[in-house]
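# fold the following.
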Amino acid sequence: MNRKSTKRKACPRPDERQPRLAALRRQKMARSAHAYVRGSASLFYQWLEAQKPGALPEGPPVWIGGDCHLGNLGPVSSAAGHVAVQLRDLDNSVVGNPLHDLLRLGLSLTTAARSADLPGVISSSMVEALADGYEQAFDDTRSDITSSTKRSAVVKVAMKEAVHRSSRKMDRQTIDNTEAALPHGKRFWPLSEDERTAIHALFETEPTRSLIRAALTHASDARTKKVSVLDAAFWVKGCSSLGRRRYAVLLDIDGTCSKGGPPCLVDIKEAVSSEAPREHDASMPRDNAKRVLEGARHLSPMLGNRMVAARLDGAAVVIRELMPEDLKLDAQNLTEDSAVKAAHFLALVIGQAHARQMDAATRRAWLGELKKGRPKSLRSPPWLWRSIVDLMVAHERAYLEHCRRYAFDRRSE
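Coordinates of the predicted model:
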């Protein structure tokens, strides 16, 4: 394969990855307070653990996303090509308190608004919209307003691009060329021989070959006979997941590429223990990849039905084909109007994912718990506003300390 020598020199060897990935993660988290929030789920749960019993509502145990920040929501596609906004990352999914997803989303949205230099009054309005949107999902007397007329500009732009995005455009944006090769450089690093052998074995030998093939939309035809690995690379992607095994793989389905068709792009992601606290007596798969898959099927079925849990060289991994429509929301496009509408819409999306797992009586009881003790003069419960403000203060302090250490380390290099 033809690769530019300058790019090859910039790529670390497999045994040199971890220091580079750790440095890159610190750099990403220093870029903004919102970026720091995305990569610090552990701090969020430390704050929750420090709260006094009874200070926050205790919701009925259901599958939760566990890391429900703005970057983990966006348009996803079903195998049939239908598009909807759902959770896109279920690494931390567990059976737990649904309130945790609401608070994590509220922290992410309000921090994004502050990073976009929106006034504090918008944060207040966002929390009100957050509460209303989430509560609506459990109120059977209110209609579903997830139509396009109620979405914020941020969501509308992402949905429009998702619906009209072609596979060839995805190939160019994701791998920078239309050849059946992953260009080594900033995003794709070379594999070790052991890694390459393990990936070929994963896709080209039974029984995992048949399991994976069944989840690939390109290979959904019953007549599909052969899946071949064209190329693979270590994928430098995400923030909180930097440091884990992450691979991009190009597949040829029944010789499609030799006929001029595009390759199938597949994401392999290592599944590790969740940072979110689980319900103590909850029944969940012990295998982390199977846990992530089960969480996806409950919370984001359009995505979950396209995912496979497997083992790669002894490690639990989740495998999914990347679709042209799979996009994340861009927090940089937040405006005063779109921020409030986004808070309402995304809270409704999360609420609906939780509500689908409850019967009518449980939904009514949880709605009553959310509204308990709220004065008529307030449009959001005091505990929600207080929690998000406290979380923002704690994360802002930690972010500044992170930046201070990062600057010191840079000067010491």
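
# buried ones in stretch 42-59?
Within stretch 42-59, the residues that count as buried by 16 or more other CB atoms under 10 Å are 43-45, 47-48, 56-57, 59. Glycine gets a C-beta too; all of them are placed from N, C-alpha and C.

# inside strands: which ones of the residues you listed?
Counting by DSSP state E, these place none of their members in strands.

# from the residues you listed, which single one is nearest T197?
Y45 (37.6 Å; CB to CB).

# mind putting the buried residues of stretch 42-59 in CSV, pLDDT included?
What follows is these, written out as CSV (pLDDT from 0 to 100):
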residue, pLDDT
L43, 96
F44, 97
Y45, 97
W47, 97
L48, 96
L56, 95
P57, 94
G59, 95
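
# which of the residues you listed fall within helices?
With helices taken from DSSP state H, the overlap with the buried residues of stretch 42-59 comprises 43-45, 47-48.

# adding distance to L334, write the residues you listed out as a markdown table.
Conversion of these to a markdown table gives the following (distance: CB to CB, whole Å):
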| residue | distance to L334 |
| --- | --- |
| L43 | 23 |
| F44 | 20 |
| Y45 | 25 |
| W47 | 24 |
| L48 | 25 |
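
# closest to T208 out of those residues?
Using CB to CB, these come closest to T208 at Y45, 33.2 Å.

# state the number of residues packed around the nearest residue to that closest one once chain neighbours are set aside.
Sequence neighbours aside, E275 is the residue nearest to Y45 in space, at 5.8 Å (criterion: CB to CB, 6 or more residues apart in numbering). When neighbours are counted by other CB atoms under 10 Å, E275 registers 18.

# tell me the predicted confidence for E275.
If you check E275, the pLDDT there is 94.

# so it is in contact with G65, correct?
No. Checked against CB atoms under 8 Å, the pair E275 and G65 is beyond contact range at 11.7 Å.

# need the residues touching each of the two.
Common contact partners of E275 and G65 (CB atoms under 8 Å, 6 or more residues apart in numbering): N92.

# if we can go back for a sec, quick check on the residue nearest to Y45: phi, psi?
Main-chain dihedrals, E275, degrees, to the nearest 10: phi -80, psi -10.

# circling back: tabulate the buried residues of stretch 42-59 (CSV), appending distance to I319.
Listed next are the buried residues of stretch 42-59 as CSV, based on distance: CB to CB, whole Å:
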residue, distance to I319
L43, 30
F44, 28
Y45, 27
W47, 33
L48, 31
L56, 36
P57, 36
G59, 31
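
# CA atoms of stretch 183-193 as CSV?
Coordinates of each C-alpha in stretch 183-193 appear next as CSV, following Å, rounded to 0.1, in the frame of the first residue of the first chain:
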residue,chain,number,x,y,z
PRO,A,183,-3.9,6.2,5.7
HIS,A,184,-1.5,6.1,8.6
GLY,A,185,-1.2,9.5,10.3
LYS,A,186,-2.9,11.5,12.9
ARG,A,187,-6.0,9.2,13.3
PHE,A,188,-4.8,5.8,12.1
TRP,A,189,-1.7,4.1,13.6
PRO,A,190,0.0,0.9,12.4
LEU,A,191,-0.9,-2.5,14.0
SER,A,192,1.5,-5.1,15.5
GLU,A,193,1.6,-8.4,13.6
